[in-house]
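> this is a predicted model, with the sequence first.
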Amino acid sequence: MRLGLEEEVFITQPARPNLQSLYYLTRLFWRNPGFFLSHSDSNFARGKDLKVGLMGPVEISTPTVDGPAEVVAALAELRRELAAAVGGEGLLVAAGHLLDMDAPTLTAGLHLHLSGLTDAERTYNNLAHFLPLFALAAASSPARRGEYFGPSYRLYASYALGPLRPGDPYYRFQDLIFSLRLGTIEVRLLDPVADLERLKELVAAIVAVAACTRPYTWDPVTYRRLRREAATAGLTPGLATLWTELQDVYPLKRRLVEQPAALAIWASYQNKGLVPTYTALDSLYRDGSFSVKEAPPTSYNPLKAAAGLAGYYVVRLPYKLAKVRKEWSRCGSGS
């Protein structure tokens with residue numbers, strides 16, 4: 001089985017992202033243009049969310065590799081390159097949604113691609129069966145407008161996600177799809193996971209379920225219920241039953257679903273505040289330790305933002321347009 005990871009992360013300065021994120025993408029891109037043309041991206045707000053800011057998360061993606069350990073190692077290397085491009089000017093916040101916002105189009109996700117499958121339909125159904133549990137293990141977006149929501153406001157509200165559509169696994173904006181452009185099964189509902197040890201466990205569990213020859217089934221009613229519980233409530237009896245069932249396939253540690261990262265993020269926010277929590281997430285992303293540190297000074301520079309627009313966004317625009325055309329032409333008008 002071949003794997004690839006796409007990770008979205010906010011670059012805040014220090015509480016919100018701004019167009020200077022494109023400047024850091026420019027630095028990253030020109031280190032290796034041949035690679036980062038297709039392995040980096042930028043995201044922006046849409047509709048009413050433009051009132052709170054234009055810039056969304058930036059994206060890095062690994063090449064396709066064999067095995068869970070290899071794909072997480074590839075992501076760790078890309079994180080080091082992104083951190084070097086940002087330097088000490090911004091905070092790398094790997095969370096599904098910024099804590100003081102209510103902006104469903106300003107969310108960040110983690111997408112896992114699986115290919116080289118022996119029975120893609122069985123793999124899709126097996127993943128769908130356990131998917132709400134995996135969403136809970138990855139949950140990192142506990143707040144909306146500074147108030148506690150549940151483990152994942154992104155899972156609940158993001159415009160780019162949605163419960164599975166029976167009979168339509170190609171529709172793009174749902175939790176799990178067949179990606180026609182890449183020829184993979186794409187797990188889309190995961191929040192970013194800053195802690196690499198947690199991510200290793202989660203990817204290993206997903207791969208074990210994907211490779212399992214025992215067929216599992218799912219139904220849309222149960223799926224919707226468990227998905228909603230994962231987003232709003234945490235480890236409910238229904239999700240605990242799913243965890244017990246998973247142990248026959250992979251021994252995922254119970255603490256990963258009892259204590260998703262969202263709880264630590266929320267506790268930090270309550271006790272230490274917004275920017276200190278973002279500095280702790282930055283430390284976790286760069287060094288593996290969730291510890292508060294001094295925040296970088298606010299340093300928005302419109303010249304750097306302009307350089308980012310010219311040096312990254314405009315340079316990649318032809319590639320991005322071709323990619324969008326390819327996706328929409330293959331998915332049809334409804335996808």
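Arrived safely, thanks for sending.

> roughly how far does residue 238 sit from residue 124?
21 Å (CB to CB, to the nearest Å). C-beta here means a position set from N, CA and C on the backbone, and glycine is covered the same way.

> in terms of neighbours, single out the busier of those two.
The residue with more neighbours, out of residue 238 and residue 124, is residue 124; 20 against 15, by other CB atoms under 10 Å.

> what pLDDT does the more buried one get?
You'll see residue 124 listed with a pLDDT of 98.

> now the one 4 residues further on
Residue-level confidence at residue 128 comes out at 98, pLDDT.

> in contact with it, which residues?
Neighbouring residues of residue 128 by CB atoms under 8 Å, 6 or more residues apart in numbering: 164, 176, 218, 223.

> from the chain's centroid, how far away is the helix or strand where it lies?
Counting by DSSP states H and E, the element that carries residue 128 is helix 120-138. Remark: helix 120-138 is offset 16 Å from the chain centroid, using CA atoms, centre = their mean, to the nearest Å.

> ok, now stretch 228-248?
On CA atoms, centre = their mean, the centre of stretch 228-248 falls 20 Å from that of its chain.

> quick one: contacts of it?
By CB under 8 Å, 6+ apart, stretch 228-248 touches 129-130, 132-133, 135-136, 139, 149-153, 155-156, 205, 209, 222, 225-226, 252, 254, 257-258, 260.

> only alpha carbons, please: show it as CSV.
Taking Å, rounded to 0.1, in the frame of the first residue of the first chain, the C-alpha atoms of stretch 228-248 are listed here in CSV:
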residue,chain,number,x,y,z
ARG,A,228,-21.7,14.2,15.3
GLU,A,229,-20.7,12.7,18.6
ALA,A,230,-17.0,12.8,17.7
ALA,A,231,-17.3,16.5,16.8
THR,A,232,-19.4,17.7,19.7
ALA,A,233,-19.1,15.2,22.6
GLY,A,234,-16.0,13.1,22.6
LEU,A,235,-15.8,9.4,23.5
THR,A,236,-19.5,8.5,23.8
PRO,A,237,-20.7,4.9,24.5
GLY,A,238,-21.2,4.5,20.7
LEU,A,239,-17.7,5.6,19.9
ALA,A,240,-16.3,3.5,22.8
THR,A,241,-17.9,0.4,21.3
LEU,A,242,-16.3,1.3,18.0
TRP,A,243,-12.9,1.6,19.8
THR,A,244,-13.4,-1.9,21.3
GLU,A,245,-14.2,-3.3,17.9
LEU,A,246,-11.0,-1.7,16.4
GLN,A,247,-8.8,-3.6,18.9
ASP,A,248,-9.4,-6.7,16.8
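
> coming back round to it: just the buried ones out of the contacts of stretch 228-248, please.
129-130, 132-133, 135-136, 139, 149-153, 155-156, 205, 209, 225-226, 252, 257, 260 (16 or more other CB atoms under 10 Å).

> so, low pLDDT: which residues of the protein?
328-335 (pLDDT under 70).

> need the helices for it, in chain order.
21-29, 33-36, 68-86, 120-138, 153-157, 196-211, 220-232, 237-246, 255-258, 261-272, 274-287, 302-308, 314-331 (DSSP state H).

> quick one: which of those is nearest residue 4?
In terms of CB to CB, the element of the helices of the chain nearest to residue 4 is helix 68-86, at 6.6 Å.

> how far away from the center of its chain is that closest one?
Computed by CA atoms, centre = their mean, the chain-centroid distance of helix 68-86 equals 14 Å.

> repeat for stretch 19-36
With CA atoms, centre = their mean, you get 19 Å for stretch 19-36.

> before we move on, what about stretch 18-34?
Per CA atoms, centre = their mean, the centroid offset for stretch 18-34 relative to its chain is 19 Å.

> please apply the same query to stretch 282-296.
The answer for stretch 282-296 is 19 Å, by CA atoms, centre = their mean.

> how about stretch 225-234?
18 Å.

> for the contacts of residue 128, which one is nearest residue 29?
Closest to residue 29, out of all of the contacts of residue 128 and judged by CB to CB, is residue 176, at 30.1 Å.

> give the bridge partners for that closest one, please.
residue 187 (DSSP bridges).

> got the contact list for it?
Applying CB under 8 Å, 6+ apart, the residues near residue 176 are 124, 127, 128, 131, 164, 169, 185, 186, 187, 188, 189.

> mind redoing it with 7 Å?
Contacts for residue 176 were tallied using CB atoms under 7 Å, 6 or more residues apart in numbering; they are 124, 127, 128, 131, 164, 187, 188.
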